[in-house]
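[1] The amino acid sequence is not available; the structure is as follows:
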């Protein structure tokens, strides 16, 4: 019978895995048309309100295919208490045999999202980072910082959240890891001091406005993964010199780019895929003055890459 | 961690489960609009050729949702050697928690398909069955007979297949179970002697022609589940007094009805859903002379029902 691995096992093996290069390889394969990724499957629930997403696919050059199931439920129509859960299934191509169940409770989704943020910063952020701005002091706001540590030496952090106690917790949690964290109650402070900004909130209205963004800033927006969510003023994408996404087909339907296109301030032709940026240096910033934006809505190719890497890691220690 | 159950455990608990009424309840809920069933997810493979289907959904009145993954691969582009595999996942609504993995290797799909055939015969076949005709001596041709035994006393069987040795094997396997099996090399013999006919082949051209079907016959077609497959001459559906399907939305795109609609010999308004036939006696045959056809392409609601029933059965014996 196929092995089921729990979160503790997955977390322990993750330490020995080079996640960032795996995610990079996934983006490159995706942008080269070497990945088969059907549209996301969606199951909506009214009571209690929630949704389940099914992301799946495979790389043409691989022996496996991966199906990821991730859910999010609110406890009741009134509450704001949210539960997420999820797992990844790895199957053998050619037989359909289930290889393993990674019962990661959505943790690997958080990891692959944070790793994509690090990939974006690696190829798009300016050389000298003064301060990293984090908008949203939640789980993803923490993990982005953890993975950014692999691609920058900057440990200066400014964090914003709508919730003051969340800010205090963030500072308390992240300072022992080697960061110097300043908490702020206005995103304008972040725009004024940070030249790398990561937004990681479920906001449905813009948190950053275009006129506050300084020259030379790179912004990675990871919070918006639905048609409704929106963290950046569309004028930021208009103003940006380079606009990057993980998936062009997906960003037409959801995320920041989708809003900028709808507002008529961004031309589809200006959008570049992260996988292309990785392979083509001429698509990256050409000066320390340029503004760059990476809008990441999350693609199954990231799930495929991390599931395979974790599986291989688990097999090695058995 | 969630329990994974293997095929042996699933088979042993199946004996104590009343599958047919569970499947009936599923069809009724579906036809009453009490089931949420998104479109089937599909993953296509070129080398080796194959496909994986994801069927999923839930009943509004239930505490669970179910995701079924089923794959079929040919060993190579040249071979006809086919491997199918699959599993069902049961999740808790409201939290998304994985309750169990039923690693049934597609067996439950075969069972729920056979049970749907039995439901069709129960509500549509004529009262006195002379002989059951089975077109296609494969796994499903065997299982249809097994489940029909729950709804008819008839044990006279006539079986056709393109493969002579498959016919001999069928007879050898099924006679010890109490059936009297005659093997034939022409489906015309089946049409001449049987007033309940089940077709269970992957044929892409019609195996039964309209002019051979006798009055009072009921046909259940379960083989065709794609837009290409086709077991019945579309004129059979034209000639039929009652045309039933498991899912109207699905039969517009795949199966026998889809071909008859395309040929212009069947009007959409004549199609009735099996769930409605179960609840409305006036939709069933009104004489022993009428010809009835049930075209079953397989709906996720069947997977949902059988997964829940097996899970409850497994829990009881623990």
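    Perfect, I can see it now. The structure presented is a predicted model; accordingly, all values stated were derived computationally and were not measured.
[2] what helix or strand does the spatially most central residue of chain A sit in?
    When Cα atoms, centre = their mean is applied to chain A, the residue found nearest the centroid is residue A:113 (3.0 Å). Applying DSSP states H and E as the criterion places residue A:113 in helix A:107-124.
[3] now for whichever helix or strand comes after that helix, which elements pack on it?
    Using DSSP H and E, the helix or strand that follows helix A:107-124 towards the C-terminus is strand A:132-135. In this structure, strand A:132-135 makes packing contacts with helix A:139-148, strand A:156-160, helix A:187-193, strand A:196-199, judged by 3 or more Cβ pairs under 8 Å, 6 or more residues apart in numbering or on different chains; DSSP states H and E. All C-beta spots, glycine's among them, are computed from the backbone N, C-alpha and C.
[4] Need these in a markdown table (columns: mean pLDDT).
    Formatted as a markdown table, the helices and strands packed on strand A:132-135 follow (pLDDT from 0 to 100):
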| stretch | mean pLDDT |
| --- | --- |
| helix A:139-148 | 97 |
| strand A:156-160 | 98 |
| helix A:187-193 | 98 |
| strand A:196-199 | 98 |
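[5] Tabulate those (a markdown table), appending mean neighbour count and distance to residue A:248.
    As requested, the helices and strands packed on strand A:132-135 are exported to a markdown table (neighbours: other Cβ atoms under 10 Å in any protein chain shown; distance: least, Cβ to Cβ, whole Å):
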| stretch | mean neighbour count | distance to residue A:248 |
| --- | --- | --- |
| helix A:139-148 | 22 | 23 |
| strand A:156-160 | 23 | 30 |
| helix A:187-193 | 19 | 27 |
| strand A:196-199 | 28 | 20 |
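[6] can you list those in JSON lines and add distance to residue B:183?
    Shown next, in JSON lines, are the helices and strands packed on strand A:132-135 (distance: least, Cβ to Cβ, whole Å):
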{"stretch": "helix A:139-148", "distance to residue B:183": "64"}
{"stretch": "strand A:156-160", "distance to residue B:183": "76"}
{"stretch": "helix A:187-193", "distance to residue B:183": "77"}
{"stretch": "strand A:196-199", "distance to residue B:183": "69"}
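[7] quick one: which of those is nearest residue A:238?
    Nearest to residue A:238 among those is helix A:187-193 (16.1 Å), distances taken as Cβ to Cβ.
[8] Quick check: which helices or strands does the closest one pack against?
    By 3+ Cβ pairs under 8 Å, 6+ apart, helix A:187-193 packs against strand A:132-135, strand A:156-160.
[9] Identify whichever of the helices and strands packed on strand A:132-135 lies nearest to residue B:208.
    Across the helices and strands packed on strand A:132-135, closest to residue B:208 is helix A:139-148 (Cβ to Cβ), at 58.3 Å.
[10] how close does the closest residue in space to residue A:215 that isn't next to it in sequence sit to residue B:273?
    Once flanking residues are discounted, residue A:215 sits nearest to residue A:289: 4.8 Å by Cβ to Cβ, 6 or more residues apart in numbering or on different chains. Between residue A:289 and residue B:273 the distance, using Cβ to Cβ, to the nearest Å, works out to 64 Å.
[11] Repeat that for residue A:203.
    43 Å.
[12] Which one's more surrounded, these two?
    The residue with more neighbours, out of residue A:203 and residue B:273, is residue B:273; 22 against 19, by other Cβ atoms under 10 Å in any protein chain shown.
[13] domains of chain A?
    A:3-108+A:301-316, A:112-298 (automatic domain parsing).
[14] The closest residue to residue A:92 other than its chain neighbours: which element?
    Of all residues not flanking residue A:92 in the chain, residue A:99 sits nearest, at 5.7 Å (Cβ to Cβ, 6+ apart). Element membership for residue A:99 (DSSP H and E) is strand A:98-102.
[15] List the strands paired with that strand, with their directions.
    Strand pairing for strand A:98-102, using DSSP bridges, gives strand A:3-5 (parallel), strand A:82-92 (antiparallel).
[16] Done for today, thanks.
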